[in-house]
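1. dropping a prediction and its sequence here:
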Amino acid sequence: MRVTMNWAKIATLTAALTLLPGLAEAQQAVKIGLGAPTLSFLPIWSGRALDTFKPQGLTATVAALPGGDASALAALDAGDIDMAAVGPDSMLRAAAKGQPFEIVYSLMSKVTLQLVVSKDFLERTGVKPTDPMQKRLAALKGATFGATALAGAQEAAARWLAGQGGLDPKNDIKVAQIGNPVAIQAALEAKRIDAYVLSPPEGFLSEKAGSGVVLVAMGDEFPPLGKQPYLVLVVKKPISPTTSDLITKTVAAMQAASKAVMDKPAETADAIQKQFFAKADPQAIASAVKSMSNGVADLGKIDVDGMKNALTFNKEVGNNFGKDFDAAATKDDLWTNVFVDGEKAK
């Protein structure tokens, strides 16, 4: 059944944040729906904070939609937003059902998840962050992980890590539903859980609180996870000339924002923190931006090897799309570099 949501309703429900609402009407509007308001969508946050949309003649409106990726893609299908910022797994699952979507930009080109364990876990197992990977992961046997929800991405990543350590992913670890990251942090400090798998800045916050340590940075320590589209910008096909122009301008804004992240990470993090995370620890935002900056270095470009890595990882964590995809054969159908390459050529 087709889900229709008009943008006004989305904005009301999600308190959509709009860049520079006083801009002249001549500015072209671009509406982007977020699957989740996480900092891993780094080019979007930095683009809004630094206003890289303005030089492209754009006013960007961004909303994190209730219901996550599925809601963002439903809004895109209904025409209520211009682009959806989601995980590739959600897009591929929708494409397998025949929905006409295409990835036009890689917002984050590495898996940003980090395995964080409690200080008590380190003392009990004797494992250290400097130990060989196999030893670190084998030590997870019997560990209890905290997650926002059961059977979600966090649990899938935790069980994948256990498998990489030679453990039985189904039986050698336990996963408990705890709630949001704040609740997970509290559970780790209270020793109700041994570990969790979340993206920055959560690991930094646990280390600063003295309750935990980052044991594994997945995208930095597993090469295939450091080269794949982990978060993507999706549009609906067919792409009209008007939409093509809008995508081109948006890509230019994202690339300018990504360059700022790489060239001036501290200043960019400061702008993001002040505008969107005023109550957050500035050091935490700065640490997160720095740790994820190499994930935007390709300026949105996707290649066949990276897409293969994404498809392989999704298969390994148990994502079943209902059909198999070939990375090379789906180029310029399910994913494209046309807009990224067009901007790089300028």
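-> Right, received. Where do you want to start?
2. can you map out the strands along this protein?
-> In the chain, the strands defined using DSSP state E lie at 17-18, 28-34, 58-64, 83-86, 101-108, 114-118, 144-147, 174-177, 195-198, 212-217, 231-236.
3. select from the ones you listed the stretch with the lowest mean pLDDT.
-> Per-stretch mean pLDDT for the strands of the chain is lowest at strand 17-18 (a mean of 40).
4. between the two ends of stretch 103-113, how far is it?
-> Stretch 103-113 has its terminal residues 21 Å apart, counting by Cα to Cα, to the nearest Å.
5. and it, how far out from the chain middle?
-> 7 Å (Cα atoms, centre = their mean, to the nearest Å).
6. tell me the buried residues in stretch 83-100?
-> 83-95, 99 (16 or more other Cβ atoms under 10 Å). The C-beta positions use only the backbone N, C-alpha and C, and glycine is treated the same way.
7. closest one to residue 160 among the strands of the chain?
-> The closest of the strands of the chain to residue 160 is strand 195-198. By Cβ to Cβ, the value is 9.1 Å.
8. number of residues surrounding residue 264?
-> Residue 264 has 14 neighbours, counted by other Cβ atoms under 10 Å.
9. okay if I get the strands of the chain as TSV plus distance to residue 168?
-> Shown next, in TSV, are these (distance: least, Cβ to Cβ, whole Å):
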stretch	distance to residue 168
strand 17-18	44
strand 28-34	36
strand 58-64	36
strand 83-86	31
strand 101-108	31
strand 114-118	18
strand 144-147	15
strand 174-177	12
strand 195-198	17
strand 212-217	19
strand 231-236	30
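10. looking at those strands, spot the one closest to residue 42.
-> Short answer: strand 101-108, nearest of those by Cβ to Cβ, at 6.3 Å.
11. and the angle for that closest one with strand 231-236?
-> Put simply, strand 101-108 runs at 160 degrees to strand 231-236, going by axes from the mean of the first three to the mean of the last three Cα atoms, to 10 degrees.
12. who does strand 101-108 touch, helix- and strand-wise?
-> The contact analysis (3 or more Cβ pairs under 8 Å, 6 or more residues apart in numbering; DSSP states H and E) places strand 101-108 against helix 42-50, helix 68-78, strand 83-86, helix 88-96, strand 231-236, helix 241-263, helix 338-344.
13. buried residues in that strand?
-> For strand 101-108, by 16+ other Cβ under 10 Å, it's 101-108.
14. okay if I get the helices and strands packed on strand 101-108 as TSV plus distance to residue 214?
-> Shown next, in TSV, are these (distance: least, Cβ to Cβ, whole Å):
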stretch	distance to residue 214
helix 42-50	18
helix 68-78	25
strand 83-86	25
helix 88-96	24
strand 231-236	20
helix 241-263	20
helix 338-344	31
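15. those: which one's closest to residue 166?
-> So among those, helix 88-96 is nearest, using Cβ to Cβ, at 25.5 Å.
16. tell me the mean pLDDT for the closest one?
-> According to the model, helix 88-96 has a mean pLDDT of 95.
17. going by distance to residue 237, which of the buried residues of strand 101-108 wins?
-> The closest of these, once distances to residue 237 are taken by Cβ to Cβ, is residue 102, at 5.4 Å.
18. any idea which of the helices and strands packed on strand 101-108 gets closest to residue 285?
-> In terms of Cβ to Cβ, the element of the helices and strands packed on strand 101-108 nearest to residue 285 is helix 42-50, at 9.4 Å.
19. so for that closest one, mean pLDDT?
-> So the average pLDDT for helix 42-50 ends up being 97.
20. for it, packing partners?
-> Partner elements for helix 42-50 (3+ Cβ pairs under 8 Å, 6+ apart): strand 58-64, strand 101-108, helix 241-263, helix 265-276, helix 282-292.
21. quick one: contacts of it?
-> The contact list for helix 42-50, computed with Cβ atoms under 8 Å, 6 or more residues apart in numbering, reads 17, 19, 32, 34, 39, 52-53, 60, 62, 85, 107-108, 253-258, 260-261, 268, 271-272, 274-276, 289, 292-293, 295-296, 300.
22. quick one, that helix and helix 241-263 angle?
-> Using the same axes, to 10 degrees: helix 42-50 against helix 241-263 is 90 degrees.
23. the inter-axis angle of helix 42-50 versus strand 28-34?
-> In terms of direction (the same axes, to 10 degrees), helix 42-50 departs from strand 28-34 by 130 degrees.
24. isn't residue 169 up against residue 163?
-> Yes: the criterion here is Cβ atoms under 8 Å, and residue 169 meets it with residue 163 at 4.3 Å.
25. so what sits against both of those two?
-> In contact with both residue 169 and residue 163: no residue, using Cβ under 8 Å, 6+ apart.
26. so for residue 309, which of the helices and strands packed on strand 101-108 sits nearest?
-> Comparing these by Cβ to Cβ, helix 88-96 comes nearest, at 10.8 Å.
27. so what does that closest one touch, helix or strand wise?
-> On a contact count with 3+ Cβ pairs under 8 Å, 6+ apart, helix 88-96 meets helix 68-78, strand 101-108, strand 231-236, helix 304-316.
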